[in-house]
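**Student:** sequence unknown, structure follows:
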């Protein structure tokens, strides 16, 4: 027999967050709620005499599986919001009704069931589990190995991209750059050799001429070159000396 | 308290999980619904294991855990493949196969 | 030789494969190989027949074991052949007529680039037909049954350059499938009630089964027979099947395949013996179809379709006879044989006419061909006399016996069946004479540029041989009851029963009706002008043409009601039966379309379907189980 | 608590071990062999050798088997003639499937994408194609699937059933997603198949949990004993049984659990469709037979509702919807739904005959299916500039195929006739024995419906035959179709033709062999 209070606590932390699967908008919220459900289930396992399984549940489910879910959620864009408005006619209500009906019917079946409870529960300690696994269920374990290989291979096949272009060395990169006539060295920063180092003031070459492309295009497009206006004017009109100001 | 109540709890979670598959368009959330169904089955197994005073149910739950993990890997890989092709993980979008 | 009867099937089958596999290389000699294969089968059949004649009457049933087919279990079935007088009759008919038609086709199909393929299909058909009649179990019979269906399907659709031909082929196949369901179900019932499918087991177990069981089996067999033999209500495909080359119509849709239903009923005699209700139904269907076919025949202007309707009607006679029990079996088969000769002969004649008239089939465009095609006219004429039942030609001997037998019995039945057979004889005389006179007599109504000419010898020789058969075979076989005695080991000895009317009365009445029918046809189509387009249906038009009909009595008494009856029945045939087939197909398609919409491509809907299904089954099973 | 080394009868497991072992080795080879071309050849070789060896071993065991068979590890697994028969079948399907997997077009293209991870239509995809990359992992994945299916047919424990189900399902989900052309559809098919597959296996698992709860055992024998003895749990047992059966019906593709079939069949690369159509149905049927006959025999009366309703629904819906299909692969998919119905007909009343009839039925269905899809791989669209594109699967494109390639069209016609159950083809004998089994337990009305449905089904099979042989190539379309020539695919077609004819004309030896399979299973299970 198990502690009733424990049951109700577990029921609360599994069922309530589980509803987020149906109603929460953000996928991340759902994932975090499911993590909570998993923890609740782990607690249930411990209560039911399966401490090892409870631990494994936390490690595997909350620690690995749900993190994998989160990881993929992040990968596909965490801010993908889902419109909860239903697009398929009748799907929502028939779906809810059917699922609720299934739940209610299963519950009614379980309630009708009379099962004598064993006076002493089992204790699923690791050693007990281990012996069981490798005695009676050893074949299943071995077959599971193949399942894991399949999973790994499958993930690789579907997501791993090998190098399709040959890897280029630094030397090759540099050669190509020179060949297309790009600057062999870094581009000058704005403000270099100029009198002012505002971002919108072009650098000056050794002859004192402004290098226009040292100013980011973005600034020009955004019309944010106001601040350096007078310095520009000065550059364009070499007759004006610094002292004139 | 009778451990059979946990089976009731499992049934409810199973129903919620199945509802998520029916209602959610986000493939990942729908998939989490499936995971919840598997976990509900696990809870039922463990509860029955307690009722019968045998450990077999726990072992089975253990296997389910492993299987579910493998399934998650493959499932998410497929979802990523779909996402790369379509830039969306909505289940409603890929609906060209029909009729 | 009896043990070598498997050669009958193997030779044409092998030849068919050779022709199909050899491809274009076989073009120069392919058709001769086909003829040779069919001829070899005939020779084998003939030798076996001679050997059988030498045997004592009770030893004439010979089983040939081929191989173990579906072994073990409750259904232990071997593939084997049963050679007895009944199957031997068919073997001779199929191979003899078949060989003649092969020969005819060599010339008829001369200009077809795919002649080799045509002969491959013909050989395939012969092999399948022989398998059908030689099989020693219903299952093997079914193999042949489907085989002839397939071959006829391929042959109907042989000229596939017109889409409607393919449609016709399709329709023939589908309607035949309905018949096949009957046969499959009959086999299922036999397996369940009689414990086997081979003739021996079934016939041994039949007397012990209940009447209800036998009736069910019998009715299912009847459905099968109706499908294959174009009996009401599954007759609609036969007219469409005329789209195939004419030799095919002669072989398959006149002489052999369409009579398979009659064979099935006669072969299953022990089943029908225990099921009088089923037997009566067979007779009733036969009687109805013989009238229906005759009426349809009166309305058709297409020479081949008119002949097809006549086939339907004549098979109706055979079914009627087969439904009468032991007194009718022998006559059913007798009429089947004579009909095989004269109808095949007439079809070949029609082919010859078409050959000479650039494939024209509209009889309103024929006329006065007797001078242009003398051989065709004479051979066709002999067939015409035979089908009319004019003594001493073949049809007289077989049909008259059926009409007599139909008048045997008690209560209203002999009057109805006999009356139908009698009226049918008159109608037959009318429409066949109409066909004959419209084609060969009266004025020439040829379209411009037609130069009718006699067909080559390769075509006329088979026609002549068949015409000789049409003329004398009946007399030969009827003398001393040769044919009935020959079949007696299979059909059983029939006690002589007196018809409800004296035999001479029936005979005279028949001949009188035939004469009246032929005379009316002569008045309308031989002596008078035939309009080149069919008269329209509306009363106003008929009234407008009033002056065209000289004989107002004729019009008032026969023409108008006749026309209307004909049109109504033909319309009903087209609208109801064809319509039913089409509507069913249409309904299926519509249902399919609407169900198809549920597969909307949305995976969530699919999951919903599954879950709803789960909830329903779980509710039903759990609540129902408690 | 002390550990005692379990005694495992390894020998009877040899066929499964060979296949799964070869799969693991093949995965290792992937990392050692650099050139895709070498990999492909080696992988094909390994697959063929393993599958043929497995089939051979299974046959050898069949011959050497004394008594009923072997129960491995406390009832986890039973190797008897029934399971050996199915294993041979699946290994054969796997062999033919592997040949199709390796088949290439004249232009040297496989059916699979060069690289599964790149987006369709991207430059990476072009690059990968140009570099001649190949997803040679499909061979080991198929081996894993075959191994899982072989296990699936022999397991006698619900835990193992669930694990085996996943072992063969996961590779299939992946394989479906790997089509070379129409990759969007391929992805879509895979996603749907996966999601619904996971959904159904969760249902199966929940049912297994209920059964365990009700009877305290997960082995079939234990459940059967529990069903007979334990009281007060009737509802639980029935609900569990229904859910387990539903999970298996999903794999068979029976209505209303069929909706994945058309989409997955159409989306998958055709070789995968061929393989999974034949093998999955066989494996699932085998598992359903075992569960039904060994675990649920006591529930026969209660479950008969389910089998009847689902069989009728499958036959009717499959036939009716197939009638209106214009896409060839979808049409065959719906025909497979109808066939699922025919399979379930044999379950009516749980007749003993079904144990020998169904292996034959699935053998005939499987070879014809493999053959038909192999033919589909050979008929391709051609662009105006003469480049050969993907498979031509619209019905209209097959018009006049008999003129283009009489042999191929003839083979296809034979397979279609076999599906329709025309005599002298394997399908006829298959239907015959299956229906005969149903009749023997009074499944009369069901057989009646089945016969009518199969007659109606002839409609759409014949429509395709008419299209191929009796319709001319549409004007202007003369150059739109290319008949491809892949020796490997042709081998599959030829083998399938031979098998369909042999099983149709002289089914005796095979039927006799399966007869043994039926008798001995019951001997083993009691």
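**Tutor:** Thanks, I have the structure now. For clarity, every value in this text was computed on a predicted model and none was experimentally measured.
**Student:** which other helices and strands does the helix or strand hosting residue C:439 contact?
**Tutor:** Secondary structure from DSSP states H and E places residue C:439 in helix C:413-440. Where contact means 3 or more C-beta pairs under 8 Å, 6 or more residues apart in numbering or on different chains; DSSP states H and E, helix C:413-440 is packed against helix C:276-299, helix C:303-322, helix C:374-388, helix C:394-406, helix C:503-521. In short, each C-beta sits where N, CA and C put it, glycine included.
**Student:** spit out the contact partners of the residue in the stretch 51-200 of chain D that chain C sits nearest to.
**Tutor:** Nearest residue of the stretch 51-200 of chain D to chain C: residue D:192, at 4.5 Å (C-beta to the nearest C-beta). If you count contacts by C-beta atoms under 8 Å, 6 or more residues apart in numbering or on different chains, residue D:192 has them with B:94, B:97, C:603, C:606, D:260, D:263, D:264, D:267.
**Student:** again with residue D:329
**Tutor:** Contacts for residue D:329 were tallied using C-beta under 8 Å, 6+ apart; they are D:265, D:266, D:270, D:273, D:373, D:376, D:393.
**Student:** go on, residue C:239?
**Tutor:** For residue C:239, the contacting residues are C:296, C:300, C:305, C:308, C:309, by C-beta under 8 Å, 6+ apart.
**Student:** what's the first helix or strand after the host helix or strand of it?
**Tutor:** Counting by DSSP H and E, the element that carries residue C:239 is helix C:236-240. Next along the chain after helix C:236-240, taking DSSP H and E as the criterion, comes helix C:246-250.
**Student:** distance of residue A:94 relative to residue A:21?
**Tutor:** 18 Å (C-beta to C-beta, to the nearest Å).
**Student:** next one: residue D:279
**Tutor:** 35 Å.
**Student:** these two: which has the busier surroundings?
**Tutor:** Shown here are residue D:279 and residue A:21; by other C-beta atoms under 10 Å in any protein chain shown, residue D:279 has more neighbours (29 against 26).
**Student:** which residues touch the closest residue to the more buried one other than its chain neighbours?
**Tutor:** Counting by C-beta to C-beta, 6 or more residues apart in numbering or on different chains, residue D:279 lies nearest to residue D:93, which is 4.3 Å off, once chain neighbours are set aside. Counting by C-beta under 8 Å, 6+ apart, residue D:93 makes contact with D:146, D:275, D:278, D:279, D:282, D:366, D:370.
**Student:** pretty sure the first one is touching residue D:22, no?
**Tutor:** No: taking C-beta atoms under 8 Å as the contact criterion, residue D:146 and residue D:22 are not neighbours in contact, 9.6 Å apart.
**Student:** of the two, who's got more company?
**Tutor:** A side-by-side neighbour count of residue D:146 and residue D:22, using other C-beta under 10 Å, places residue D:146 first with 33 against 25.
**Student:** which strand or helix spans the more buried one?
**Tutor:** Using DSSP H and E, residue D:146 sits in helix D:138-154.
**Student:** quick check: angle from the helix or strand that that helix is followed by to helix D:138-154?
**Tutor:** Per DSSP H and E, the first helix or strand lying C-terminal to helix D:138-154 is helix D:158-176. Angle of helix D:158-176 versus helix D:138-154, following axes from the mean of the first three to the mean of the last three C-alpha atoms, to 10 degrees, is 150 degrees.
**Student:** contacting residues around residue D:35?
**Tutor:** For residue D:35, no contacting residues are found, by C-beta under 8 Å, 6+ apart.
**Student:** distance-wise, check it relative to residue D:44.
**Tutor:** 14 Å.
**Student:** longest helix of chain B?
**Tutor:** Using DSSP state H to define each element, chain B has its longest helix at helix B:56-86.
**Student:** would you confirm that residue A:148 contacts residue B:66?
**Tutor:** Yes: the criterion here is C-beta under 8 Å, and residue A:148 meets it with residue B:66 at 7.4 Å.
**Student:** which one of those two is surrounded by more residues?
**Tutor:** The neighbour comparison of residue A:148 against residue B:66 (other C-beta under 10 Å) goes to residue B:66, with 20 against 15.
**Student:** run through chain D and note the low-pLDDT ranges.
**Tutor:** Counting by pLDDT under 70, the ranges of chain D that qualify are D:1, D:519-526.
**Student:** tell me the angle the longest helix anywhere in it makes with helix D:158-176.
**Tutor:** Longest helix in chain D by number of residues (criterion: DSSP H): helix D:183-215. In terms of direction (the same axes, to 10 degrees), helix D:183-215 departs from helix D:158-176 by 180 degrees.
**Student:** so, in contact with chain C or not, the helix or strand that helix D:183-215 is followed by?
**Tutor:** Under the assignment DSSP H and E, the closest C-terminal helix or strand after helix D:183-215 is helix D:220-229. No: if you take C-beta under 8 Å from any C-beta of the partner chain as the test, helix D:220-229 misses chain C, and the best it gets is 11.5 Å.
**Student:** which secondary structure elements does helix D:220-229 contact?
**Tutor:** Under the contact rule (3+ C-beta pairs under 8 Å, 6+ apart), helix D:220-229 is packed against helix D:183-215, helix D:508-525.
**Student:** ok, residues contacting it?
**Tutor:** Here helix D:220-229 has contacts from D:75, D:156-158, D:211, D:214-217, D:237, D:290-291, D:294-299, D:525-526, using C-beta under 8 Å, 6+ apart.
**Student:** return the set of buried residues in it.
**Tutor:** Applying a neighbour-count criterion of 16 or more other C-beta atoms under 10 Å in any protein chain shown, one finds D:220, D:221, D:222, D:223, D:224, D:225, D:226, D:227 buried in helix D:220-229.
**Student:** now the residues you listed as TSV including distance to residue D:330?
**Tutor:** Formatted as TSV, the buried residues of helix D:220-229 follow (distance: C-beta to C-beta, whole Å):
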residue	distance to residue D:330
D:220	36
D:221	41
D:222	42
D:223	38
D:224	40
D:225	45
D:226	43
D:227	40
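**Student:** which one of the residues you listed is nearest residue A:70?
**Tutor:** In terms of C-beta to C-beta, no member of the buried residues of helix D:220-229 lies closer to residue A:70 than residue D:223, at 39.0 Å.
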